[in-house]
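1. Quick one, structure for this:
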Amino acid sequence: KQWYQRRVRAAIAGPCDWVFIPESPPESNWEQLIVSKMKRASDSSKRFGLIIIAEGAADCDGNPIKAEQVKTLLSENGMDVRVTVLGHVQRGGQPTAFDRTLGSRLGCEAAKVMIEGINSEKEIDPCIVSLKNNTIVKLPLMEAIKHTQSIKECFRNKDFSKAQLLRGAGFSKKVEMSKMLSVLDVRSLPQDSKQLNIGVAFIGAPAPGMNSGIRALVKIAAYHGNIVTAYHEGADGMLTNNYEVLSPADCELWSMRGGCIAGASRSTINPSNVEAALSSFAQLHLDCLVLIGGFEAVTSSLTLSKHATIPVYLIPATISNNVPGSDFSIGCDTALNTIVRSVDCIKQSAASARKRVFVIDVMGGNCGYLAVLSGLASGADAAYIPEQPVNIDELQCDAYRVMDKIEQGCHRGIIIRNENSSPHYKNDFVTALYAEEGKDKFVTRSSVLGHIQQGFGPSPFDRALAATFACKVYRDITKRLTKTEFSSDDVVVLGIRGSSTVFTPVLKLQMDVPRRVPLDNWWLDLKPLIQTLALPPSTARANSNCTARCPHCNGGGSDQDLS
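-> Residues are numbered from 1 along each chain as shown. Okay, the predicted model is just below:
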């Protein structure tokens, strides 16, 4: 009732025209403003309007704002309005990959805290296990309760500015972003202001959420009276001058569509064509360039950093999540959820028939993000990734652990394998090894998910992430263009680090260019948790991650704890 996150994120992720939330009451004349805006939307040939109302929404005087009230207001002004109350539908459905992974991480940390409390001679203060800056932390319970109560007190005192501050530093920015994304047309600029022309190109494989990113950039630029020029087919469009100036109306419904409507290409900007690309920038009078894509966009940025005539921004967008400088890329959440849903279907097949073990091949290139996170979210028994090459002894150990599980009543086994996890132990080899070791205990099958992992429509997380990235880029553009000369430091990658969004010059990125991966991967710390949670009851004992029947470690395993 008094929590903004879901409503504001919903407004950012979808084509929303107005959002009512408790922390930001509308202006006193909001009735006239909303009627005027919805009429302008209708006059601009927009086919529909969308208004989101939080159940605790109220005006500045504390008077509740209800859906029926808004419906009556708009209906009296000649508009056809429908009300949909989502209610408890919002609680239902299968959990997302993020929720599953978060639950496993929180439960693991809670168990660790409980064990520490039992073994400690001192009394441990009550705490709450939480996620902060993408890290599991312990917070004093009483402090958390006091913080929640202080927010409620702000609402009672109508101190909404303080309530927004207590919600977090990014609250007011998200509210402002939702307003910018509802703009209908390019605003007029003062006579003494120069209209900016922002170039956009999609370089790399298509990723769900790319369309959300360019839609947000077009809307935010239009809100400030500027325009966006999109190259079709990525770098190829630069060389052939295949471009289009996009208006807010052109991309109104793009946020819910997968793929890349403007066209993406794996072709890169390289030393052989960089002069032609620079000529295209000058011909179109671009003030800056935004590249949206994966590692191909990184290599293109490296080339452009040696010829910095305008600022260049890279927004990471790839299902592999292998762009250095960012914990997450646009598209990786959609791909992860697609994998988890596919594994759920496979698990149902495995459990409904006879005892089966599936070896599932997932994408990711030389980055094991999808394998590790999907393995943790789907309850896999093992995950094989390029960052930690597997050997034959480990494969046999995993096969024996799966055998123990099935003998103890489990009807299925799931093995997740990154497509490049090993040049020798490929999907067919791993499947054959499990089949040989399992013999009469279980049946082994393999499954290659392939390009279905690129998903259909982008997930809400990817839509909101794309919009956030676009907003951050635009804000930095207006600051960076105050300069008249640019250098390699103005060719930057935007990324999420913990809870912050940061710009990193492309030349300062820590990465392995030949292997196309970053050198630091936060998610590698989650891989041991997959094996810990997969242990059958008889072998889930202290300091053991294997089974007694294993000839290589004789049940001893390698020492590891919940941390």
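2. Could you use CA atoms for every contact and neighbour count after this?
-> Noted.
3. what's the pLDDT at Gln560?
-> With respect to pLDDT, Gln560 scores 44.
4. and stretch 80-99, how far from the chain's centre?
-> Relative to the centre of its chain, stretch 80-99 is centred 20 Å away, using C-alpha atoms, centre = their mean, to the nearest Å.
5. Can you give the contact residues for it?
-> Here stretch 80-99 makes contact (C-alpha atoms under 8 Å, 6 or more residues apart in numbering) with 67-68, 71, 74-75, 333, 336-337, 340, 373-374, 377-378.
6. Tell me where the model's unsure across the stretch 101-250 of the chain.
-> Within the stretch 101-250 of the chain, the ranges that satisfy pLDDT under 70 run 168-169.
7. all strands for it, in order.
-> Along the stretch 101-250 of the chain, counting by DSSP state E, counting those that start in this stretch, strands occupy 127-132, 135-140, 197-203, 227-231, 243-246.
8. Nearest to Ile51, out of those?
-> strand 243-246 (24.5 Å; C-alpha to C-alpha).
9. buried ones in the closest one?
-> 243, 246 (16 or more other C-alpha atoms under 10 Å).
10. Kindly report the same for stretch 98-107.
-> For stretch 98-107, burial by neighbour count (16+ other C-alpha under 10 Å) applies to 98, 100-102, 104-106.
11. what's the neighbour count on Phe328?
-> By the criterion of other C-alpha atoms under 10 Å, Phe328 has 24 neighbours.
12. Identify whichever of the strands of the stretch 101-250 of the chain lies nearest to Glu27.
-> strand 227-231 (29.0 Å).
13. What subset of the contacts of stretch 80-99 is buried?
-> For those, buried by 16+ other C-alpha under 10 Å: 67, 74, 333, 336-337, 340, 373-374, 377-378.
14. which of those lies closest to Phe155?
-> For these, the nearest to Phe155 is Ala67 (21.0 Å; C-alpha to C-alpha).
15. Give me the phi and psi for the closest one.
-> Note on Ala67: backbone dihedrals following degrees, to the nearest 10 are phi -60, psi -40.
16. Surely it and Ile51 touch.
-> No: with contact defined as C-alpha atoms under 8 Å, Ala67 does not reach Ile51; the gap is 9.0 Å.
17. What ranges does the stretch 51-200 of the chain have for its helices?
-> 67-75, 97-119, 141-156, 160-167, 171-180 (DSSP state H, counting those that start in this stretch).
18. winner for burial among these?
-> helix 171-180 (a mean of 19; mean count of other C-alpha atoms under 10 Å).
19. And for that helix, what's in contact with it?
-> 8-9, 11-12, 16-19, 24, 164-165, 219-220, 223, 471.
20. try stretch 486-496
-> Under C-alpha under 8 Å, 6+ apart, the answer for stretch 486-496 is 301, 304-316, 325-329, 469, 473, 480, 501-507.
21. Name the nearest of the contacts of stretch 80-99 relative to Ile261.
-> Distances from Ile261 to the contacts of stretch 80-99, taken by C-alpha to C-alpha, are shortest for Asp333, at 19.5 Å.
22. That closest one is in what secondary structure piece?
-> Using DSSP states H and E, Asp333 falls within helix 332-352.
23. Packing partners of that helix?
-> Helix 332-352 is packed against helix 97-119, strand 356-362, helix 369-378, strand 412-418, helix 460-480, with contacts defined by 3 or more C-alpha pairs under 8 Å, 6 or more residues apart in numbering; DSSP states H and E.
24. same thing but at 7 Å, please
-> Contact partners of helix 332-352 among helices and strands, from 3 or more C-alpha pairs under 7 Å, 6 or more residues apart in numbering; DSSP states H and E: helix 97-119, helix 369-378, strand 412-418, helix 460-480.
25. With only the CA atoms kept, save the first one in PDB.
-> It refers to helix 97-119. C-alpha atoms of helix 97-119 as PDB (Å, rounded to 0.1, in the frame of the first residue of the first chain):
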ATOM      1  CA  ALA A  97      14.800 -17.100 -11.800                       C
ATOM      2  CA  PHE A  98      15.800 -14.100  -9.700                       C
ATOM      3  CA  ASP A  99      13.300 -15.000  -7.000                       C
ATOM      4  CA  ARG A 100      14.400 -18.600  -6.900                       C
ATOM      5  CA  THR A 101      18.100 -17.700  -6.800                       C
ATOM      6  CA  LEU A 102      17.500 -15.000  -4.100                       C
ATOM      7  CA  GLY A 103      15.500 -17.500  -2.000                       C
ATOM      8  CA  SER A 104      18.400 -20.000  -2.200                       C
ATOM      9  CA  ARG A 105      21.000 -17.400  -1.200                       C
ATOM     10  CA  LEU A 106      18.900 -15.900   1.600                       C
ATOM     11  CA  GLY A 107      18.100 -19.400   3.000                       C
ATOM     12  CA  CYS A 108      21.700 -20.400   2.800                       C
ATOM     13  CA  GLU A 109      22.800 -17.300   4.700                       C
ATOM     14  CA  ALA A 110      20.000 -17.700   7.300                       C
ATOM     15  CA  ALA A 111      21.100 -21.300   7.900                       C
ATOM     16  CA  LYS A 112      24.700 -20.100   8.300                       C
ATOM     17  CA  VAL A 113      23.600 -17.400  10.900                       C
ATOM     18  CA  MET A 114      21.600 -20.100  12.800                       C
ATOM     19  CA  ILE A 115      24.500 -22.400  12.900                       C
ATOM     20  CA  GLU A 116      26.800 -19.600  14.100                       C
ATOM     21  CA  GLY A 117      24.200 -18.800  16.800                       C
ATOM     22  CA  ILE A 118      24.000 -22.400  18.000                       C
ATOM     23  CA  ASN A 119      27.800 -22.700  18.200                       C
END
